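Student: got a structure for you, letters missing:
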C-alpha cells in the first residue's frame with residue numbers, strides 16, 4: 001500500500017493546487033517513482049489511498065495503469081483517515097500474505113526484499129524500517145530491535161511498554177513497514193496512525209525494526225528536502 005492521501009501542508013504553496021504525491025522530481029511524480037521502486041522490488045500489486053485533489057490523483061493513476069502498473073484505489077476523499085484508518089479501510093484488498101506499506105514521500109535505497117525476508121523470518125506482527133537520525137519523535141527499541149516505546153524529545157513525553165527505558169535506544173521511523181495480515185484482527189475502523197497502534201500493541205505483540213543506517217533516506221515533506229532528493233537522484237547531490 002502506498003500512503004498518498006496526506007495534505008502535504010509542509011510543502012506550502014505547491015500542495016494548494018496539487019496533491020503532494022504529484023510533486024515532480026526530475027520529470028516524474030513522487031507516486032510514479034514510488035510505484036516503480038516497489039514494482040522492481042517485487043511488490044507489483046499496489047493500492048493507493050487518495051484524498052487531496054482526488055481528481056488529479058485518479059488521472060495520474062490511470063496514466064500509470066497505461067504504463068503497466070497494477071494499481072487499486074482506496075478513496076478517502078470524503079474523510080482523511082490517517083495511516084491506520086486508511087489501511088483498515090483498504091483491508092479487503094489484502095490476502096493472507098505479509099505486505100508492505102510505504103509513505104509516498106519517503107525516498108531511500110533500503111533493501112526492501114531483504115526487509116521482507118527479515119519480517120518473514122522473525123514472525124513479527126510488524127517490522128518498521130528505522131535509522132539513527134536526529135528528530136524530536138523517536139521510537140525506543142531494545143537491543144534485539146523490538147519496539148518498546150516512543151519519545152518526543154521536544155516535549156519529553158514518553159510511552160514505555162517495559163519496566164524501564166534505561167537500555168532502550170532511539171531510532172527514527174523511515175515511513176516504510178512490513179505487516180502480517182493478523183494485524184487486522186487487532187484493528188478497528190477510525191482515524192488514527194499506525195505508530196499509535198504499534199505503541200498500543202507493543203507490550204503483548206512483537207513489533208520489530210529493520211535498521212538501515214546505510215545508503216540514503218529522504219523525507220520529501222518540505223521544499224528543502226524535495227530539492228535535496230532531486231539533486232541526489234540526478235547525480236548532482
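Tutor: Looks like it came in fine. In this text, all values refer to a predicted model and were calculated from it rather than measured experimentally.

Student: From here on, just use CA atoms for contacts and neighbour counts.
Tutor: Fine.

Student: Quick one, grab the pLDDT at the nearest residue to residue 178 once chain neighbours are set aside.
Tutor: In this structure, residue 178 finds its nearest non-sequential neighbour in residue 100, 4.5 Å apart by Cα to Cα, 6 or more residues apart in numbering. On pLDDT, residue 100 comes in at 98.

Student: that's a helix at residue 100, yeah?
Tutor: No: counting by DSSP: H, G, I helix; E, B strand; the rest coil, residue 100 is not part of a helix but strand.

Student: how far away is it from residue 78?
Tutor: 25 Å (Cα to Cα, to the nearest Å).

Student: Looking at the two, which one has more neighbours?
Tutor: Taking other Cα atoms under 10 Å, residue 100 and residue 78 do not tie; residue 100 has more neighbours (19 against 10).

Student: which ones are touching that one?
Tutor: By Cα atoms under 8 Å, 6 or more residues apart in numbering, the contact list for residue 100 reads 1, 43, 176, 177, 178, 179.

Student: cool, residue 6 as well?
Tutor: Applying Cα under 8 Å, 6+ apart to residue 6 gives the contacts 19, 20, 50, 51, 52, 80, 82.

Student: now do residue 159
Tutor: Counted by Cα under 8 Å, 6+ apart, residue 159 has contacts 149, 150, 151, 199.

Student: make it 6 Å
Tutor: The contact partners of residue 159, by Cα atoms under 6 Å, 6 or more residues apart in numbering, come to 149, 150.

Student: I'd like the distance between the residue lying farthest from the centre of the chain and residue 151.
Tutor: In the chain, residue 163 marks the outermost C-alpha relative to the chain mean, sitting 28.9 Å out by Cα atoms, centre = their mean. Distance, residue 163 to residue 151, using Cα to Cα: 15 Å.

Student: Quick one: residues in contact with stretch 105-118.
Tutor: So stretch 105-118 is contacted by 216, 217, 218, 219, 220 (Cα under 6 Å, 6+ apart).

Student: Just give the number of residues close to the second one.
Tutor: Other residues near residue 217 number 17, with proximity taken as other Cα under 10 Å.

Student: quick one, phi/psi of it?
Tutor: Per-residue torsions, residue 217: phi -150, psi 130 (degrees, to the nearest 10).

Student: tell me the contacts of it?
Tutor: Neighbouring residues of residue 217 by Cα under 6 Å, 6+ apart: 107, 108.
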